[in-house]
Structures are given as C-alpha cells and as structure tokens.
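> Need coordinates for the below:
(2 chains)
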Amino acid sequence: MQPALAVAENLSLSNPFEVLGLKQGFKLDESALDDALVEASLRWHPDRWVGTPIEEQKEAERSMAEINEAFALLKDPLSRSEVLLKLHGAPLPEGTDKNATPEFLMEIMELKEEAKAAAANPETLSRFRIKLLGMEIADLEKLPPLFEALKSSGDTIGLENPTLDTLRAQLNRLFYLRRTREDLEHSTFQSA
Amino acid sequence: MTELPVLGKESLNEGAILGIDLGTTNTLVAVFDAGGARILANEAGEQMLPSVVSFPLNGNPVVGKEAIERASLDPTRTVHSAKRLLAKSCEELSASGATFPFPLVNAIGKSLALVDLGERQVNPAEILGHILVTIRKRAATALKMDFDKVKRAVITVPAYFDDAQRQATRDAATFAGLEIVRMVSEPTAAALAYGLDKHDKQCVAVYDLGGGTFDVSILKLEKGVFRVLATAGDTQLGGDDFDRTLMQITAKAIQEKTGHDVLATPAGRSALRLAAERCKIQLSNAEEGEMVYQDLEAEIAWRQFVDWKTFQRAITPLVQKTLDACDRALRDAGVETKDLDEVILVGGSTRIPFVKAAVSQHFLTHAKDDIDPDKVVALGAALQAGVLGGRVGNLLLLDVTPLSLGMETMGGSVSKIISRNTAIPAQAKETFTTYVEGQTAIEFHIVQGEREMAADNRSLGKFILRGIPPMPAGLPQATVQFTLDADGVLQVKAKEQRSGVKADIRIEPKHGLTDEEVETMLADAWAHAKEDLIERRLTDLKVQLASVKKSVEKNLALTIQLPKAQKLRLQDAIEEANTASQVTNPDLVKGILDELEDAAFPLAELLMNGIAMEAVKDHHIKEFSGE
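Below is the predicted model:
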C-alpha cells in the first residue's frame, strides 16, 4: 500500500476578521482580540450548548473550531499578514520564493553558516536564537506602514504594485527567519 | 452582548452530573449542589477510593481498600496504577522503568498491554471501569438516588493524555454505564476550583504531579473564562516512580545482606511497594522515613531508615524532568516566568517538601497549595459539572490539545495537521495525492507526537481510502479532515475530490478497542457481577491469617530467645488468631492479622541472625544519614 503524498494546505474559506467581528487590517490591539475570542467563546463553545439537540451541539463545535482557527491566524502577525494578502487577492506563493533578492540570498547563506557554528554549545546557540528573534522583531515593525501604504494604493489586482512586492519580500524574509529559529528550537527540544 | 442559549433545562431533569477525578492512586467523586462543590464520602466517611482492583480467582472484583488488603495475598491478581497501563504496550511500559507485581501481556495483534489473570486477560480500561462502578454506587448512596439515575459525569484526565488514552477513558466510563458529559484536563479543573476568576486578569501556572502522571498548564484568566495557553507533561511520571527509587534502595540493601532479591517475586514487589509508599509519606513530614519489609518464609525482617537527603538525591532527576516540561509549556505559551501571577500545586506528590521547594524556586514565586492537592481536581470537576448542568453561570474553560496530530507521508516523515497547543474544538484539512500511476487506494497513517519521523510518534491507527478511479500520479486530491472535539478526541474524514470517493473512516485502533470489543468486555464482566464483597474479604483475610500463623508456628521453638514481653505478646496474638475462624466481621480479622504480623516481627529478626543484622543496620544508618 502506498502512503499519502502531502500537497498544499487548505486554509479555511471564511474571513477570520468577520468570524471574530473585528475590523479588517494589520493593526490589531491584542486585548481587543482576546476580548473578541472571549465573547465568541461564551456564545459558541460546546459547553454552552450541553443539553440542546445533537445537531445544535455539532454546529456549535464547528463554529467554535472556526473561531479558534480565526483567533490563531490573527494572533500571529505573520499569519495575519498572510490572511490580509489573501483577502487582498494576492496570496503568498506556496513553497520557496523565486523572487528573493541576491542580498537576501547572501544573508541566508551567512545565517546558515552562523547556525552551524552556533550549534557547538548551548550558550552560543541561545545567543544565536536571541539574535534571530531580534531580527524578527525589527522586521515585524516594518509591516504596519507597508500595510497602510497597500491600503491607500487601492485595488491593484493584476497590476504592478511596488508596495505589494516590498511587502511580500518582507514577509518571505520574516517567514525564513522564523523557520530558522523554530528549527533551532525544535532540534534542541528533540535532544533534550 | 449576544444572546446566550438556554442552558441546562434538560440536564437538570436528568439527575446530578458527577465530577470524577479518576486518579492513578486514588479516585474521588464530587458534586455541585446548594452548598457548592463537595466531595462525596463512602459510608465510613472516607473520601478517597484507592484506585486498586483485585480479581479473586472465584468471585467478583474487589475495589479500593479491600483490594489493597489483597495485594500481599494475591499480588498477581491485584492491580494498582491501572491508569498508567491505559493504551500502552508492554514494551512502552517497561521502557518507562515501571515494574508491576501482576503479569502483563500484549493483546493479540495490538500494542495494548492487558493484565494476565491466567483464565482471562483484563483490559486496563475495564479495571478503571470497576473503579467507576464503585464510585457510581458511592455517589448514588450519598445522594440518596437510584443507581440508574446517576449516569452522567465530568471526568478529568491528565492534560497530556493522548488520543488513545482519552478513548480508553471513554471505554472505562462506558463499562461503568456512565456517560461522559465532558472530559476536562486535571490542571484546568484545579484552576477552576481555586476560584481565581474573582480577579480581573491573571496568568497562572498549574503544576500537577500525581501518582503516575505529570502535567503543567499555563492559563490566562479573564472574566470567568479560563483559557489554557499551553500544556506539557509526561503520562509516565509520578509518585509511583518516587516509590520505586525507595524500593530499589531497600532491595539493594537486602540483597547485599542476604543475597535475596525481593524484587524478583510478585509478593516481594507488592510488599515493598506498600512499604515505600508509607516511607515516602513519612518523609514528607519528618527528617527520615522507615522502610519495613518482612518475609517469614525467606527469613527476612528488615528495618531501614532513609533520610530525606538520600530520598532527595534519588528523585532529583525525576523532578528535573518536570521542570524542563514547565519551561517547554512557558515557551509554547509565549509567557515568561515574571508574567505569572500564581503557581498552583496539584496532586499528592506535591506534598513532598522538596518538590514544593523546587517548583517555587523554578517559577520564582511561592507555589500555592491552599486547597488540598488530593481533592482540588475533583472539586474542579464538580464545578465544571455545575457549569454544564446550568447551576453555575459565567465560567468557561477553553482548553488545548497537548500533542501535534499528523499523517505519515512519503518517506516516513510526518505532515503535521494540527499542532500541539491548538485550542479545541479544532478542525483542519490537508490534501494528499498519489505518487504512482493509476494508484486506486491511499493508505493514511495517523500519528500523534512531536517527532519528525512517523515511526517515532504514537501511532493512532491506519485507514485506507479505496476505489479511487485510476488517474495519473499526483492528480487525485484526497482531502483529509481532522476534527478534535471539546474532549480532545479525534475524528478523521477523508474524501477524494475528483471522484467523490469517501473514505472508510473506521480507524482500527492500534492501542484501543473497537466498539465490538467494548461490548464483549461489558458482557464478560457483567456476567459474573453478583456482589458479595464482605464474604469475599472475610475469606481472603482468613487465608492470609492462616498463612502467617503457619509460618510463626513453624519457628515457635525460637521464641525462647525473645524477651518475656515480646514472647507473651506473640502468644496472645496466636491465641487470638486461633479464634478467628469464628469471627464474621472482616475488620476484626484484619485487626488480628495486623497484630500477629507486628508481634511476629521480633521473631523474624531472630531468624535473620540478630548480630549480623545489627551490623548492617549501623552501616546503613551511617550511609544514609551522612553525605
């Protein structure tokens, strides 16, 4: 028997901002997001539907799963960005980015070398992890103005849009930084 | 504010919902009523039911204290820590270092350990089922309700229980005729019991170290909503393992002195385990604890003091494992130690002063144990039952799944579908395809765990999507949907999009039971369910008494060497024992037996050659009290 071969992941169809009743946009107050989750949960969590007909309980379970997914997508600025690009009609491509600049490719090479060298002992590893985290945070700060600019650049599907290109490059870089950091954490977690 | 559904109308009419803490060592039941959450005791006023089940060769299973009594008489048929055996294979259990006095065997064709009674093999889920039946009866008596009316429960499980262990807990409830209204994580239930919702916004860590399992959960509390951010743990780590370190210390000492390996026999393991439990409890309240072991047949009488430093040294690696898990949970929660407002201690093993200190030190805060750590989970379960029954408003638990769920893909690696610490209920989809021309069936292998290769994770089961029309490789699109319900139990559906073929989604459980097996188990067990507990216990105790008396009488000539008082005490005890055949109250027989055993201890010491024994005792006292 042949095992399964994984292909693209299906994101859910609904708009996570709508699911949680939040205004669509990159800027999102963390406590507003928490409040939205609490309110939606009080309505839809299956615990609130015990004793109702089974179809209603199933519906509540499905809704709550959707709410949980929406919350997780919006909580993380990277997946929130992905959601916004998708809603903008310009989703990030799956897999590796073919439009990476030579500068970024150089940087990737350097980081790879550094990761290898850092792996030698826990202290350098932890320092490298903190460095990656710092780069990530610095890059995240560049996102809000880009999304503002994207919003004001209007509906540009199918057209050349330099803001969109910059934004996508920025996100690719962020995803790369995070993946590198997570791999690092994962390997230390595994060996622990 | 949105309109809320009308709660609990139906449930209120259906009788009480029990809150059950089904523990490795003890099981408790609580309810929520006018007076709030309260633990239900048995007629003797005891709140904790030892989670021990003994299966006499002829007759009905015995549960609780009476079962513990049978542990030395019938060690191979008396099962403790059954929760630890749940949905585990013999290999997994021995890998965790656990040893049991009763024999285990894997179910045919499955990675599922069963207790081998000889005439039949018992599934650990059935053993927990017997405990739940006893609890259900206790609740019915305490609440003055018909047994049949007491049928719904909130049952707690370790947060780190995987899917197979949760399914097995469901099987146990089914066996006992209980419907699980909700399965709640033990640390989450504990947080609820602490009533921390009174505060505005809080971040809390719950450290739950029980008899056989360890959990840590990080929660955020806001407006009565308890949201779990992350959880970590180990379902094969607990007080049992602490006991084992003590057992090993004493077994080693006895072997050095006598050449006798007391751990080699089921009776020896069983007796030493009970001694270790007692010693551990003493060590929680004093500088040292005493390991007492007595076997007249093998001429061993052993008393050994273990001081807390020795004990601490022995359990340090185990405690360190729990602290590492705490760090993992904090990291996954995105919370730093300084963000924590409270740290709560749950589970009997947190009574150990060293554990308490280690946790406080690790979290840089004084860990709280205001509510009895043995009872807090049951109280929380009752509160949750109150919430679900509509008696308590404005409290809501939001939990997560502890382990990632995924599918084996090409080359044996795992494609993650739901990540650990995802909020439940959850749903996720992933699309798979074929890689061979004209492939008409795809095998799906569902795994749970964090490792990259499927073989290193827990296998939950396999299913095959058949009847896909022949297509070029890569063209079929099989969408697999994972659904985790609010109990954290998984359901899987699959559909090939182009042909519309749906999967035969029955997963053959590798660790658990099929529905038919649950039914057979039920039928088997209820077939001989006639109750005659008192008679049974009386017979057992008399057999045990006769055996001790025989050993004593064999060595009666030696009593001449005993001091007069000890000799008289022994004579009295033997005389008492002679009258036991007429006694019909098991408690009285138990008293006579205990007295005879105590009175015979000096005799056993004599048997062990007193002088050499003294030397060894000195030696060990030095070894264990010094650094």
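> and residue B:561, how many residues sit next to it?
Burial of residue B:561 is recorded as 12 neighbouring residues (other Cβ atoms under 10 Å in any protein chain shown). For the C-beta atoms, the positions are set from N, CA and C on the backbone; glycine is no exception.
> hang on, isn't it packed against residue B:605?
No - using Cβ atoms under 8 Å, residue B:561 is not in contact with residue B:605; the gap is 10.4 Å.
> Check which helices and strands the lengthiest helix in chain A is in contact with.
The helix spanning the most residues in chain A, taking DSSP state H as the definition, is helix A:162-191. Taking 3 or more Cβ pairs under 8 Å, 6 or more residues apart in numbering or on different chains; DSSP states H and E as contact, the helices and strands that helix A:162-191 lies on are helix A:77-87, helix A:102-118, helix A:122-140, helix A:143-152.
> could you give the angle of the shortest one to helix A:77-87?
By that I understand helix A:143-152. Following axes from the mean of the first three to the mean of the last three Cα atoms, to 10 degrees, one obtains 10 degrees for the angle between helix A:143-152 and helix A:77-87.
> Same question for the third one.
An angle of 40 degrees separates the directions of helix A:122-140 and helix A:77-87 when computed by the same axes, to 10 degrees.
> related to what we said a few turns ago, and the angle from the longest helix of chain A to helix A:77-87?
Angle, helix A:162-191 to helix A:77-87, by the same axes, to 10 degrees: 140 degrees.
> Tell me where the model's unsure across the chain.
You didn't pick a chain, so chain A it is. A:1-13, A:94-100, A:154-160, A:186-192 (pLDDT under 70).
> Let me rephrase: I mean chain B.
Of all residues in chain B, those with pLDDT under 70 make up the ranges B:1-14, B:196-199, B:503-534, B:536, B:609-627.
> domains for it, by residue range?
According to automatic domain parsing, chain B comprises the domains B:239-314, B:405-513, B:530-616.
> Just checking the second one against chain A, any contact.
The one in question is domain B:405-513. Yes - using Cβ under 8 Å from any Cβ of the partner chain, domain B:405-513 reaches chain A at B:407-410, B:412, B:415, B:422-436, B:439, B:441-445, B:450-451, B:464, B:474, B:477-480, B:483-486.
> now those residues: which count as buried?
Taking 16 or more other Cβ atoms under 10 Å in any protein chain shown as the criterion, what is buried in these is B:407-409, B:415, B:422-434, B:439, B:442, B:444-445, B:450, B:477-480, B:483-486.
> Show only the entries of the residues you listed found in strands.
Among these, the members found in strands (DSSP state E) are B:407-408, B:415, B:426-433, B:442, B:444-445, B:478-480, B:483-484.
> For the stretch 201-350 of chain B, give the residue positioned nearest to chain A.
Here the stretch 201-350 of chain B gets closest to chain A at one residue, residue B:225, 4.9 Å apart by Cβ to the nearest Cβ.
> isn't that residue right next to residue A:41, touching?
Yes - between residue B:225 and residue A:41 a contact is recorded at 6.5 Å, counting by Cβ under 8 Å.
> any shared contact partners between these two?
Common contacts of residue B:225 and residue A:41 (Cβ atoms under 8 Å, 6 or more residues apart in numbering or on different chains): B:396, B:398.
> Kindly provide the distance from the residue nearest to residue B:560 when sequence neighbours are not counted to chain A.
Excluding its sequence neighbours, the residue lying closest to residue B:560 (Cβ to Cβ, 6 or more residues apart in numbering or on different chains) is residue B:567, at 7.9 Å. From residue B:567 across to chain A, the span is 60 Å (Cβ to the nearest Cβ, to the nearest Å).
> right, and residue B:567 touches residue B:556 too?
No - assessed by Cβ under 8 Å, residue B:567 is found out of contact with residue B:556, at 10.2 Å.
> List the buried residues in the host helix or strand of residue B:281.
In the assignment (DSSP states H and E), residue B:281 maps to helix B:266-285. The neighbour-count check on helix B:266-285 (16+ other Cβ under 10 Å) flags B:266-280, B:282-284 as buried.
> can you give me the helices for the stretch 51-200 of chain B?
Under the criterion DSSP state H, counting those that start in this stretch, the stretch 51-200 of chain B contains helices at B:65-73, B:82-85, B:90-95, B:124-143, B:163-175, B:186-193.
> would you list those helices in JSON lines and tack on distance to chain A and mean neighbour count?
JSON lines is the format used below for these (distance: least, Cβ to the nearest Cβ, whole Å; neighbours: other Cβ atoms under 10 Å in any protein chain shown):
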{"stretch": "helix B:65-73", "distance to chain A": "34", "mean neighbour count": "21"}
{"stretch": "helix B:82-85", "distance to chain A": "23", "mean neighbour count": "27"}
{"stretch": "helix B:90-95", "distance to chain A": "17", "mean neighbour count": "14"}
{"stretch": "helix B:124-143", "distance to chain A": "19", "mean neighbour count": "23"}
{"stretch": "helix B:163-175", "distance to chain A": "16", "mean neighbour count": "24"}
{"stretch": "helix B:186-193", "distance to chain A": "12", "mean neighbour count": "29"}
